[in-house]
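[1] Structural data only, the sequence is not supplied:
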């Protein structure tokens, strides 16, 4: 199999695995499947869960799209009038319980061709990040340590580098650089010569995929039955407003998807089920909500 | 007084008038005032109403900001390294009752200076548009006819032109060109030579301001006590999700405000109190919700 086919096989398998695990944890809701095709070429499989006992809303999508490279990316990649192929898995899970963090992950592979159809460039990208509403410090540390353990066998420099990428990326610059959550890892433009062999790149993406399940599931199990009040839900909806702001104003994946004729309902499945905007709202000093705010900035989560 | 001072006087008076009227209609909540100043120069007065008997959330803001012209606008206006001054009133009212439409209006004046500080250009802009969740056709028609009557004394060509501007602007292009609401009027780059004299431009902005109150208040009074259910509220929250998408992805005013160092909480006061995102949701055929969807496209509201 060529890399492209192998990657598509990998993300489809991963999608099935993740959905199976999440359904068994939820115990009530199951994923609804939507197959879609775009006029521009390509399509995908959108798996949606909603109104579960654990998941208020979630999407685990795979897609393979191709088409003319948007002008913005032509300039960036120095390829004129090129074609692209992008395939990937993308997931966002919004649990009902405010004590369980929202999680986002994606794993993607990109190929770029010139006008003659010859492959000019290709790269892997991916990432995993956590958006808590309430957080125990040890949970944040466990999450980051699990990602670090996945990266370390491929080079000790990777976790710090990809952690910093993630901190730099998931930021609401219009909100005084408040982070969307406590970060994680984020990598992009991993070319086949970067970690030497393509097999290593695959192995890295697979290690990350396994780390996603290992890092998130314990937090989910631990907090899914924690009692909560309407006030906790209100804070969750307030923070979800910030999630919406990041995704619609800053997220390159969302804007790329919309610009390249992706399916809007599948792209915006990342948006939370409910969000609030209250004017100039600030949590009380000393409250768990204010504690969270102090953690929404780049922070060493390994040595805490 | 110079035009700038006169306009600032006008918008501040208008702000007081609108807040007084809305408070008396609400009968419960009053506007909270926030004075703010930005480091870059300028400031404003943010008037916020929340949790009222009629208004779930609303903001009526005036601001006067100045600074270095953002690069994006330097190119557009052919002025290099210029300074700008922008002053205006901007309001959004989100009523609690789903049978009362959300309304947005703004009136603004802009001056552009070259490096030597000489005035190079100036213009007026403004607009009024309506975002209903449920709508009686006669109400939509009344709203548009009132705006037309305000424009007509200044030229019969104005309403059709500004109505079309509005239809073109308030569109979620990523949602198959679904309009945010039923439109209204939207004008920009009205230069002092366009309607001949500066006094006429003032008179036009004042006519629009009066039309805003005349067009909206009867709809507010008529529907503020209409009984509603949780299902009506859910539809309202779903449609408000589209309002958020437009404001964060497409609205130039929002992006301009954020880029020029405006105060985020004052800019994003336009966002609704609560919004929902349900995957691939469509109203039932023949329902009032589906009727609304059919009206969310350019439509002649005068001859209905």
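    Right, received. Where do you want to start? The structure presented is a predicted model; accordingly, all values stated were derived computationally and were not measured. Residues are numbered from 1 along each chain as shown, chains lettered A, B, ... in the order given.
[2] Any stretches of the stretch 151-300 of chain A with poor pLDDT?
    Of all residues in the stretch 151-300 of chain A, those with pLDDT under 70 make up the ranges A:194-196, A:261.
[3] mind checking the SS state of the residue of the stretch 101-250 of chain A found nearest chain B?
    Among residues of the stretch 101-250 of chain A, the one nearest chain B by CB to the nearest CB turns out to be residue A:248. It sits 3.8 Å away. C-beta coordinates here come from the backbone N, C-alpha and C atoms, glycine included. Following DSSP: H, G, I helix; E, B strand; the rest coil, we place residue A:248 in the helix state.
[4] How many residues are close by the closest residue to residue A:96 other than its chain neighbours?
    Excluding the flanking residues, the one nearest residue A:96 by CB to CB, 6 or more residues apart in numbering or on different chains is residue A:56, at 4.1 Å. By other CB atoms under 10 Å in any protein chain shown, the residues close to residue A:56 number 23.
[5] Residue A:56 should be in a strand, yeah?
    Yes: applying three-state DSSP, one finds residue A:56 inside a strand.
[6] OK, contacts around it?
    A:50, A:94-96, A:272-274 (CB atoms under 8 Å, 6 or more residues apart in numbering or on different chains).
[7] and with 10 Å instead?
    A:29, A:49-50, A:93-97, A:100, A:102, A:233, A:236, A:240, A:272-274 (CB atoms under 10 Å, 6 or more residues apart in numbering or on different chains).
[8] roughly how far apart are residue A:63 and residue A:251?
    16 Å (CB to CB, to the nearest Å).
[9] and these two? which has more neighbours close in?
    Per other CB under 10 Å, whichever of residue A:63 and residue A:251 has more neighbours is residue A:63, with 24 against 19.
[10] before we move on, the earlier item: and the residue nearest to residue A:96, what's its pLDDT?
    On pLDDT, residue A:56 comes in at 98.
[11] cool, residue A:67 as well?
    84.
[12] hang on, the earlier thing: residues contacting the residue of the stretch 101-250 of chain A closest to chain B?
    Here residue A:248 is in contact with A:254-255, A:258, A:268, A:270-271, B:244-250 (criterion: CB under 10 Å, 6+ apart).
[13] that older thread, narrow the contacts of residue A:56 to those in strands?
    Per DSSP state E, strands hold the following members of these: A:49-50, A:93-95, A:102, A:274.
[14] Scan these and report the most crowded one.
    residue A:94 (27 neighbours).
[15] Was I right to think that residue contacts residue A:57?
    Yes: shown here, residue A:94 and residue A:57 form a contact pair, counting by CB atoms under 10 Å, at 4.7 Å.
[16] Need the overlap of contacts for those two.
    With CB under 10 Å, 6+ apart as the test, residue A:94 and residue A:57 both reach A:49-50, A:102, A:269-274, B:277.
[17] Just flag the most distant two among these.
    Spatially, the most separated pair among the shared contacts of residue A:94 and residue A:57 is A:49 and A:274, at 15.7 Å (CB to CB).
[18] From residue A:262, how far out is the residue of the stretch 1-150 of chain A found nearest chain B?
    Nearest to chain B in the stretch 1-150 of chain A, going by CB to the nearest CB, is residue A:48, at a distance of 4.8 Å. For residue A:48, the distance to residue A:262 equals 16 Å [CB to CB].
[19] more crowded one of those two?
    residue A:262 (25 against 21).
[20] Would you mind listing the residues in contact with the more buried one?
    A:36, A:38, A:40, A:42, A:44, A:61, A:63, A:65, A:67, A:86, A:253-254, A:256, A:268, B:174.
[21] Show the buried residues in the residues you listed.
    A:36, A:38, A:42, A:44, A:61, A:63, A:65, A:67, A:86, A:253-254, A:256, A:268, B:174 (16 or more other CB atoms under 10 Å in any protein chain shown).
[22] Please flag which of the residues you listed sit within strands.
    A:36, A:42, A:44, A:61, A:63, A:65, A:67, A:86.
[23] which two in these are spaced the farthest apart?
    Taking CB to CB, no two of those sit farther apart than A:61 and A:67, at 17.7 Å.
[24] need the contact list for residue A:169.
    Applying CB under 10 Å, 6+ apart, the residues near residue A:169 are A:127, A:129, A:179-180, A:183, A:186, A:188, A:246, A:250-252.
[25] count of neighbours near residue A:289?
    18.
[26] what about it, which SS state?
    helix.
[27] For residue A:17, give me its contacts.
    A:60, A:209-210, A:213.
[28] wait, residue A:242
    A:131, A:172, A:175, A:178-181, A:272, A:275, A:277, A:296.
[29] where along the stretch 151-300 of chain A do the helices fall?
    Ranges of helices within the stretch 151-300 of chain A are A:158-169, A:198-223, A:230-245, A:252-259, A:264-267, A:288-295, based on DSSP state H, counting those that start in this stretch.
[30] check whether the fifth one contacts chain B.
    Yes: using CB under 10 Å from any CB of the partner chain, helix A:264-267 reaches chain B at A:264-267.
[31] so what's residue A:299 up against?
    So residue A:299 contacts A:140, A:144, A:163, A:167, A:179, A:182-183 (CB under 10 Å, 6+ apart).
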